[in-house]
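next one to model:
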Amino acid sequence: MSLQTAARTVPPRGEKPASGDGTTPRGGITGVTTRSRILVTGLLVAAAGYFLLPVYWLVVASTKSTGDLFGTFGLWFSQPQFLSNLHQVLTYDDAIYLRWAVNSLLYAGVGAGVATLLAAMSGYALAKFSFAGRDTIFNIVLGGVLIPGTALALPMYLLFSEAGLANTYWAVLLPSFVSPFGVYLCRIYAAASIPDELLEAARIDGAGEIRIFTVVALRIMTPALVTIFLFQFVGIWNNYFLPLVMLSDSKLYPITLGLTSWQSFADRQPQLYQLTVGGAFVSVVPLMIAMVALQRFWRSGLTEGSVKA
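Next up is the predicted model:
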């Protein structure tokens, strides 16, 4: 090939080589990628709107009076009086709502914390220790994941009644300490993220098994533990059926059961409609705080560089 022919085949600087049909493949791929991004973004926006619309309605409704709650457009404000409504919610019936809020924090906070710790210990043991019946125990745990909590509520009530624990704090707390899904997740996460070489190195350095678990394993398993804690916290906070079966004293009610009791009397006392809506809005706030405060612990690569390949 001569130099003149080679020069004619090289495109001028700044121009892209054209394909045989006169189109640029790079531009075609970019166009498809752009359309895909627009489609995905549109679907995500639609999904976000679907999930956030009830929350927006709850925010708007919590600022209205009882009359405006039914007599005005539901998705826009009308003579907002949020502080007055909040004061009524917190002071009605000798501040019973505050008692329910404390109960919910006790049930959800203590229950989720103990359940997370027990799940971490159980999952770590199932993943890193060999003993007789390990697989059988893990299969039983998997079976527990498949059993709905409502199916166990009545048997637990009969059991707790025989033990004299019905209509007490323990009737809600003790079932909350068990999380089969948490055990399953911790077992899978510990097996995948905690290298055996790291544990052996700690044992060679003279660390005991308890110290290895508390200092090494728990730190590596932090993302899984945060996930379990949030799942368990939200599940206990929103739990309605178990307290309904176990509790008869209104002073032991969580927020979910308390708001339902208000709603059941709303036909005779219309102001309870607004108190129920305002109480529901306040009950969402702790969940938002927990989600925002703990989401920073969701990060990957915690063990990166801990073991040299």
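
please work out how many residues are found near Cys186.
Cys186: 28 surrounding residues under other Cβ atoms under 10 Å. Placement of C-beta: from N, CA and C, glycine included.

excluding sequence neighbours, find me the nearest residue to it.
When the adjacent residues along the chain are set aside, Cys186 lies closest to Gly123, with 2.4 Å between them (Cβ to Cβ, 6 or more residues apart in numbering).

would you mark the buried spots in the helix or strand hosting that neighbour?
Taking DSSP states H and E as the definition, Gly123 sits inside helix 111-128. Neighbour-count burial for helix 111-128 flags 111-112, 114-120, 122-128 (criterion: 16 or more other Cβ atoms under 10 Å).

of these, which is the nearest to Tyr189?
Gly123 (7.2 Å; Cβ to Cβ).

now do the longest helix that the chain contains, average pLDDT.
For the chain, the longest helix by residue count, based on DSSP state H, is helix 25-61. Mean pLDDT, helix 25-61: 86.

which strands or helices does it pack on?
helix 271-294 (3 or more Cβ pairs under 8 Å, 6 or more residues apart in numbering; DSSP states H and E).

what helices or strands is the helix it packs on leaning on?
helix 25-61, helix 66-71, helix 82-105, helix 222-237, helix 255-264.

any residues touching the last one, and which ones?
Residues from elsewhere that reach helix 255-264 (Cβ atoms under 8 Å, 6 or more residues apart in numbering): 96-97, 100-101, 103-104, 237-240, 243-244, 247, 250, 253, 272-273, 275-276, 279-280, 283.

does anything pack onto whichever helix or strand Val145 is part of? Which helices or strands?
Secondary structure assignment for Val145, by DSSP H and E: helix 134-146. When contacts are defined as 3+ Cβ pairs under 8 Å, 6+ apart, helix 134-146 sits against helix 111-128, helix 180-193.

got TSV for those helices, with distance to Thr66 and mean pLDDT too?
Output for the helices and strands packed on helix 134-146, formatted as TSV (distance: least, Cβ to Cβ, whole Å; pLDDT from 0 to 100):
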stretch	distance to Thr66	mean pLDDT
helix 111-128	35	96
helix 180-193	41	94
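
could I get the ones you listed as a markdown table with distance to Ile147?
Putting the helices and strands packed on helix 134-146 into a markdown table (distance: least, Cβ to Cβ, whole Å) gives the following:
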| stretch | distance to Ile147 |
| --- | --- |
| helix 111-128 | 16 |
| helix 180-193 | 8 |
